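Q: What follows is a predicted structure for the sequence shown.
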Amino acid sequence: MISRAVSAGLGFIGLMFINSYLGPEAYGTIAWTLSLVATFNCISDLGFNFAHVKRISEGRDLSECVSTFILIKVILTVCMVVFILTSMFVWTSILGYKLTDTSMDIVILFIIYHVFLDVAYIATFTFDALMEAANTQLIMLMDPLIRVPMVIFISVNYMDTTTLSFAYAMGGLGAALLGMTLLARKGLTMKRPRIFRTYLSFAMPIATITIMAALSVNIDKVIIGFFWSSETVGYYATSQRVLELLLMVGLAVSTMTFPAFSKMFSEGNLEKVRALTQKAERYTAMVAMPIVAVLMVFPSEVLVVFFGDSYAPAGEIFQILAICTLLTLLNEIYFSQINAVNRPELSARLYFISLSVNIVLLLVMVPTTLMGVSMLGLAGTGAAIARTIAFAVMFVATRFVIYRLTGTAFNPRILVVILGAILTGIVIAIMGGYWPMAHWFGLLVYGILSIVIFSGFLWILRELKREDVDYFLSVIDPREMLRYVRSEMGKR
């Protein structure tokens with residue numbers, strides 16, 4: 001979580017400089033192109049990333065697994081590059097269409113960026129399977145550590161978006177080099193990929209999931225870019241990037257629980273899986289909800305504090321996406337169960353339902369007209385509403401699936417946490433009427449007040465206990481973290 005916070009924080013700093021010096025149009029161009037290429041980049045995954053984690057966590061020979069995974073990633077990445085370049089050639093040269101608010105140079109630079117990340121993923125998914133979190137996070141931190149200083153330099157010198165895209169490619173290169181260096185320390189030997197069929201058997205049902213997941217993450221920005229301007233994409237994408245600071249909590253939890261759940265399922269310990277799921281969900285909610293309370297009460301004010309008055313119109317988008325982010329956050333732990341129990345077809349069905357709802361609503365709510373038919377024309381706000389409804393459908397459906405799969409029932413204690421967050425939001429809204437948030441100091445004060453008020457309500461409602469406080473303090477103890485990182489980095 002600390003690593004993801006640093007990574008997201010660095011990215012947020014870069015985002016501030018881009019928007020402050022180059023404006024929302026420039027970031028909109030970057031975000032649209034990045035989303036377009038990221039959608040195609042699902043070809044380099046097709047479920048084999050999770051298959052790699054699954055096979056290693058089952059105790060297979062590490063060298064054999066890594067050798068197989070390297071061959072698979074090389075083949076799939078080459079296919080991804082060929083497919084994107086061919087598609088761009090057909091779109092521009094044969095069909096005669098233009099690339100909306102972007103250029104081929106920017107597209108190529110983001111292809112290179114994703115190629116480097118795919119190389120880095122060979123190492124990160126290996127370390128995830130071994131539950132060696134320090135190695136994984138060091139690799140992923142290398143990207144923003146290189147990219148963000150370059151982004152700042154490019155922004156303050158008012159350079160173009162092509163140069164800005166080059167900074168992303170350099171960040172990807174740094175992550176790839178560090179990943180391969182750390183993986184080499186394992187002393188692995190290259191072997192013939194004799195277990196390819198076992199990877200394929202697990203990956204095939206997940207392949208559709210990875211495609212749908214990529215579409216789910218990127219399709220909203222792509223559609224906004226097709227029907228509206230780069231500025232509108234910039235408003236929407238910036239709101240999402242800010243909320244990634246919150247989403248990192250769920251991603252960190254799901255990354256660690258997937259191999260843990262896989263091991264528990266192989267041992268037949270479903271009771272422990274159920275207990276761990278509810279505990280993780282409860283603690284995740286306790287961390288996220290006081291933050292969401294502030295974002296819901298002061299959406300425009302938060303964006304203005306960081307990016308200036310030009311971002312005030314994005315407040316409604318930001319507020320709606322905050323709800324969507326919370327639903328996604330609380331759902332991550334349940335998807336870890338589905339993947340760990342080796343039922344990827346269930347994930348595929350859930351993603352298909354959510355994606356179908358999302359695309360239909362996007363086409364109805366975002367454009368003003370579609371094939372001559374009048375639509376709602378809500379632009380970024382419509383995309384935020386569509387995404388939130390789609391994820392709400394997935395949230396409810398996932399709970400039913402998990403209950404039938406493992407018997408994990410709804411945790412009623414979450415309702416108490418939600419009540420505490422609602423009461424906190426009401427108190428903060430009343431305070432905001434007397435003391436409006438107008439600068440970063442006000443945001444800091446309201447953030448601290450939200451945590452204090454929220455904790456107080458939970459204490460009164462007897463949901464926050466002494467052991468919970470001790471648990472959070474032990475988790476963030478820097479001495480324990482340093483001790484853990486040193487012990488893991490000392491392994492060869």
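A: Sure, I can see it.

Q: Which parts of the stretch 101-250 of the chain are helices?
A: 104-129, 133-156, 161-184, 196-227, 230-266 (DSSP state H, counting those that start in this stretch).

Q: Measure how the last one sits relative to helix 133-156, angle-wise.
A: Think helix 230-266. Using axes from the mean of the first three to the mean of the last three Cα atoms, to 10 degrees, one finds that helix 230-266 and helix 133-156 are set 180 degrees apart in direction.

Q: relative to helix 104-129, how tilted is helix 230-266?
A: 20 degrees.

Q: how near is residue 45 to residue 7?
A: Distance of residue 45 to residue 7, given as Cβ to Cβ, to the nearest Å: 20 Å. For every residue, glycine as well, the C-beta is placed using N, CA and C.

Q: Which residue of those two possesses the greater neighbour count?
A: Taking other Cβ atoms under 10 Å, residue 45 and residue 7 do not tie; residue 45 has more neighbours (26 against 21).

Q: show me what contacts the closest residue to the more buried one other than its chain neighbours?
A: Nearest non-adjacent residue to residue 45, counting by Cβ to Cβ, 6 or more residues apart in numbering: residue 210, 4.5 Å away. By Cβ atoms under 8 Å, 6 or more residues apart in numbering, residue 210 lies in contact with 42, 45, 46, 47, 49.

Q: Where does the last one sit, in terms of helix or strand?
A: Take DSSP states H and E as the rule and residue 49 turns out to sit in helix 48-57.

Q: Check which helices and strands that helix sits against.
A: helix 62-89, helix 104-129, helix 196-227, helix 230-266 (3 or more Cβ pairs under 8 Å, 6 or more residues apart in numbering; DSSP states H and E).

Q: Let me have those in a markdown table, extended by mean pLDDT and distance to residue 167.
A: Below are the helices and strands packed on helix 48-57 laid out as a markdown table (pLDDT from 0 to 100; distance: least, Cβ to Cβ, whole Å):
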| stretch | mean pLDDT | distance to residue 167 |
| --- | --- | --- |
| helix 62-89 | 90 | 20 |
| helix 104-129 | 90 | 9 |
| helix 196-227 | 84 | 20 |
| helix 230-266 | 77 | 16 |
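
Q: quick revisit: columns distance to residue 315 on top of the helices of the stretch 101-250 of the chain, output as a markdown table?
A: Shown next, in a markdown table, are these (distance: least, Cβ to Cβ, whole Å):
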| stretch | distance to residue 315 |
| --- | --- |
| helix 104-129 | 29 |
| helix 133-156 | 24 |
| helix 161-184 | 26 |
| helix 196-227 | 17 |
| helix 230-266 | 9 |
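
Q: Indicate which one of these is closest to residue 22.
A: Closest of the helices of the stretch 101-250 of the chain to residue 22 is helix 133-156, at 5.7 Å (criterion: Cβ to Cβ).

Q: what helices or strands is the closest one leaning on?
A: Looks like helix 133-156 contacts helix 2-17, helix 104-129, helix 161-184, helix 230-266, helix 478-489 (3+ Cβ pairs under 8 Å, 6+ apart).

Q: Alpha carbons of the third one, in CSV - could you do that?
A: Read that as helix 161-184. Below are the C-alpha coordinates for helix 161-184, written out as CSV (Å, rounded to 0.1, in the frame of the first residue of the first chain):
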residue,chain,number,x,y,z
THR,A,161,2.6,16.0,-26.2
THR,A,162,4.9,13.9,-28.3
THR,A,163,7.8,14.7,-26.0
LEU,A,164,5.5,14.1,-23.1
SER,A,165,4.8,10.6,-24.4
PHE,A,166,8.6,9.9,-24.6
ALA,A,167,8.7,10.3,-20.8
TYR,A,168,6.3,7.5,-20.5
ALA,A,169,8.4,5.2,-22.7
MET,A,170,11.5,5.9,-20.6
GLY,A,171,9.6,5.1,-17.4
GLY,A,172,8.6,1.8,-18.9
LEU,A,173,12.2,1.0,-19.9
GLY,A,174,13.4,1.6,-16.3
ALA,A,175,10.8,-0.8,-14.9
ALA,A,176,11.7,-3.5,-17.5
LEU,A,177,15.5,-3.2,-16.7
LEU,A,178,15.0,-3.4,-12.9
GLY,A,179,12.5,-6.2,-13.2
MET,A,180,14.9,-8.4,-15.3
THR,A,181,17.7,-7.5,-12.9
LEU,A,182,15.8,-8.6,-9.8
LEU,A,183,14.5,-11.7,-11.5
ALA,A,184,18.1,-12.7,-12.5
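
Q: Now that helix: buried residues?
A: 161, 163-179, 182-183 (16 or more other Cβ atoms under 10 Å).
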